[in-house]
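[1] I need the structure of the sequence given here:
(2 chains)
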Amino acid sequence: MGNPNVGKSVVFSRLTGAQVISSNYPGTTVDFSKGKMRLNNETVEIIDAPGTYSLEASNRAEQVASDIMKEADVVICVIDATNLERNLYLCLELLEQNIPMVIALNLWDETKHLGIHIDEKKLEELLEVPVIPTVALTGEGIKDLVEKINDASSPEKIKPTSQEGRWIEIGQTIKQVEHVEHRHHTIRDTISDITIKPLTGLPIAIAIIFTAFWFVRLIGENLISYIFEPLFEQVYRPFITSFADTLGEGFLYNFLISQTYGTIDFVESLGMITTGLYVPIAMVLPYIVAFYFILSLLEDTGYLPRLATLVDNIFHKLGMHGYGIVPVFLGLGCNVPGMLATRTLETRKQRFIAATLLSVSVPCVAQTSLIFAMFSDEKIQGNLSYAPIIYILMVFTTLLCLYFIVGYILNRFIKGESPEIFLEIPSYRTPHLKTTLKKTWMRIKWFIKDAVPWMFFGVFLINILYTIGVIQFLAELFKPLMNTLFGLPGETSIVLISGFLRKDLAVGTLLSFPAGTFSSFQLVIIATMLTMFFPCVATFAVMIKELGIKDMLRSVLIMITVVEENTIENKSLST
Amino acid sequence: MEDNLIPLSSLKKKTTGKITSIDGGHQIKKRLQAMGIYDGTYVSVKTKQPFHGPLTIEVRGTQMTIGRGMANKIRVEVIE
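    The predicted structure follows:
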């Protein structure tokens, strides 16, 4: 256990070998993870708890931490050695609980750069528990830590006291163990200052976000055209073609390869081993790689809390506070982690607004990459009067406006408190390329393990439904609705229905229509609708878990209303 | 002496104050305290966001961002 952003998760992965995500901002871990470790020839369970400043929780993630503590036999209290004073508060609270404890003085290497001298032996003596300096990132001190777990103790002398009492104790302790040299203003401090001052910070923030997205698109596109597409076209196509030939026409062919006999199109064929593999691997995965690499870089530097400070004002109008930007950022990768990140917000109202807005107007990488793919498709490009980027921007601007409008309205109508921002700003750290790459890789692995099977399942289900005629039936049923309500060709219904199962597949369905079926404006509407319209199955499940059934249904209701309102507006615009 | 007592939100940038009182509810006080902000603590203001945006302050070597409303409830004595 420990304060937020002290490296608990890094210590945890060092101890257990398990891989968990860590970043340089408070609240990376919002749930606990369990891992196993060998100790004295026995297997023991280690739990990584979310960070908290106090056992008296102020948000759900902190509640998780203080609940977990009650189950522990031994507590490893991880302390940020550069912030000893503040970190000792939780330590004292924990010691009062009479649970045997060891202290890991993490980020030990940083103290040297900062001119902080800590007498760890003295601290050990004063607190009467083992204190071990560690640098979890490199693994320094971890072995000692493991050995000392056996010596964990709960000193008798620390008695429960008031909050003031604890701070007095801390003050006395600090005087005896810590000595801080006078520091000069470093480059790091200067960068920290200019990125948080409104005058320089806002332009920098806009520049950083644009550069980040530009990089994501650049990396993603290059990965597709130089690696993934050639792989599918030159290696996989000959194989699949000969396989298709041996298979011959029939049910199996329709199911595995394509609904229509003939040339295979990886995007439109909708076969299990054609589209079912191509969409997640060649269209979405490259952007996943690019996005998570850039996000991981941003996270590890410690920039996000500064961004949260800068945008606090805007988010306040939406009933949240600046930290509401974190779920958005994570949600741009995948809405599932985004939903989990809403736990760092304090009240039900804030979490509800954040989660609803996330599912309504934050496209995940899968959606974004398909919006990219959709407008860069040759067949569609023939129909466009401007460059594809214009349409992509149109979709994103609409989504951004929606985020603000819906948030503003929700804030007006939802009862509940919206506490103000209160957030620690960590010092900048130079990202460790190896750690950043490892983190990117972990997230990619997560995507392959958790998202790709869903996509596969989606194609599977669509194929079954198609073969038995359910999709055609539903599409016919909703055709009039598409016309009257949204001003879209009736054919759109089939796109949206497949989008319900897996949005990623909707584009394939969309592209299988002959060129010219949709006007460029209608394509923008469809792309926007696909993003807003229902979260995917996985997000849906997390939403129920996080919000509860009742709030989730309310959220869905809002979603449907917004989709309708928006398309009606668009319709009147386009006519 | 009295003139020296102002809300934290009015403390000028790059100046330091000593907290004399916090008149918030129990909940707010508890949260601030867990972060080491209570009577007698020295606070300096790093930056203020415009339009009643949050303040970034430094307490015990840690920087944190705190909402304007919360900062209004913290009274400080100007030191330098």
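
[2] contacts only, for the residue of chain B found nearest chain A.
    Nearest to chain A in chain B, going by C-beta to the nearest C-beta, is residue B:67, at a distance of 2.3 Å. In short, each C-beta sits where N, CA and C put it, glycine included. Contacts here follow C-beta atoms under 8 Å, 6 or more residues apart in numbering or on different chains; on that basis residue B:67 touches A:312, A:321, A:419-422, B:54.

[3] now with 7 Å?
    With contacts defined as C-beta atoms under 7 Å, 6 or more residues apart in numbering or on different chains, the neighbours of residue B:67 are A:321, A:420-422, B:54.

[4] in helices only, show me these.
    Of the contacts of residue B:67, none are assigned to helices by DSSP state H.

[5] tell me the one of those residues nearest residue A:42?
    Within those, proximity to residue A:42 (C-beta to C-beta) peaks at residue A:422, which comes in at 41.8 Å.

[6] look up phi and psi at the residue of chain B closest to chain A.
    Reported as degrees, to the nearest 10, the phi and psi values for residue B:67 are phi -60, psi 150.

[7] pLDDT value on the spatially closest residue to it that is not a sequence neighbour, please?
    Of all residues beyond its chain neighbours, the one nearest residue B:67 is residue A:420 (2.3 Å), with distances taken as C-beta to C-beta, 6 or more residues apart in numbering or on different chains. pLDDT, residue A:420: 86.

[8] buried set for stretch A:554-562?
    For stretch A:554-562, burial by neighbour count (16 or more other C-beta atoms under 10 Å in any protein chain shown) applies to A:555-556, A:558-559, A:562.

[9] just the strands in the chain please.
    Reading this off chain A. Per DSSP state E, chain A carries strands over the ranges A:33-39, A:42-48, A:75-80, A:101-106, A:116-118, A:131-133, A:178-180, A:422-425.

[10] looking at chain B here, not the other one
    B:5-7, B:16-22, B:42-48, B:55-59, B:62-66, B:74-78.

[11] low-confidence ranges in chain B?
    The model of chain B has pLDDT under 70 over residues B:1-3.

[12] give me every residue that touches the closest residue to chain B within the stretch 1-150 of chain A.
    Of all residues in the stretch 1-150 of chain A, residue A:54 sits closest to chain B, at 3.5 Å by C-beta to the nearest C-beta. Under the criterion of C-beta under 7 Å, 6+ apart, the neighbours of residue A:54 are A:89-90, A:93, B:34.

[13] residue contacts, the residue nearest to residue B:67?
    When contacts are counted by C-beta under 7 Å, 6+ apart, residue A:420 touches A:321, B:67, B:69-70.

[14] the same query, at a cut-off of 8 Å, please.
    Contacts for residue A:420 (C-beta under 8 Å, 6+ apart) come out as A:316, A:321, B:54, B:66-70.

[15] and for residue A:130?
    Residue A:130 neighbours (C-beta under 8 Å, 6+ apart): A:102-103, A:124, A:148, A:151-153.

[16] and for residue A:168?
    Counted by C-beta under 8 Å, 6+ apart, residue A:168 has zero contacts.

[17] tell me the residues of chain B that contact chain A?
    B:27, B:30-36, B:38, B:46-47, B:49-54, B:56, B:60-70 (C-beta under 8 Å from any C-beta of the partner chain).

[18] re earlier: list buried residues within the contacts of residue A:130.
    A:102-103, A:124, A:148, A:152.

[19] widest-spaced pair of those residues?
    So, the buried ones among the contacts of residue A:130 by C-beta to C-beta: farthest apart are A:124 and A:152, at 12.2 Å.

[20] next one: the residue nearest to residue A:188 when sequence neighbours are not counted from residue A:304, what distance?
    In space, and not counting its chain neighbours, residue A:188 is closest to residue A:428: 5.2 Å by C-beta to C-beta, 6+ apart. Between residue A:428 and residue A:304 the computed distance is 11 Å (C-beta to C-beta, to the nearest Å).

[21] if you count surrounding residues, which of these two has more?
    Each of residue A:428 and residue A:304 has its neighbours counted (other C-beta atoms under 10 Å in any protein chain shown); residue A:304 has more, 26 against 19.

[22] flag every residue of the stretch 101-250 of chain A that's near chain B.
    So far as C-beta under 8 Å from any C-beta goes, the stretch 101-250 of chain A lies against chain B at A:163-164, A:167, A:180, A:192-193, A:196-198.

[23] can you name the two of those residues that sit furthest apart?
    Once C-beta to C-beta is applied, these give A:164 and A:198 as the farthest pair, at 35.4 Å.

[24] the strands of chain A: which one's closest to residue A:546?
    strand A:33-39 (17.2 Å).

[25] residues in contact with residue 76?
    With no chain named, the answer covers chain A. Counting by C-beta under 8 Å, 6+ apart, residue A:76 makes contact with A:1, A:11, A:101-104, A:145, A:149.

[26] let's do chain B instead
    So residue B:76 contacts B:5-8, B:11, B:17-20, B:43 (C-beta under 8 Å, 6+ apart).

[27] any idea how far the spatially closest residue to residue A:271 that is not a sequence neighbour is from chain B?
    Closest residue to residue A:271 apart from its sequence neighbours, by C-beta to C-beta, 6+ apart: residue A:257 at 4.2 Å. For residue A:257, the distance to chain B equals 56 Å [C-beta to the nearest C-beta, to the nearest Å].

[28] am I right that residue A:257 is in contact with residue A:248?
    No. Contact criterion C-beta atoms under 8 Å: residue A:257 and residue A:248 do not qualify, at 10.4 Å.

[29] which one of those two is surrounded by more residues?
    More crowded of residue A:257 and residue A:248, by other C-beta under 10 Å: residue A:257, with 24 against 9.

[30] list the contacts of that one.
    Taking C-beta under 8 Å, 6+ apart, one finds A:240, A:243-244, A:247, A:264, A:269, A:271, A:273-274 in contact with residue A:257.
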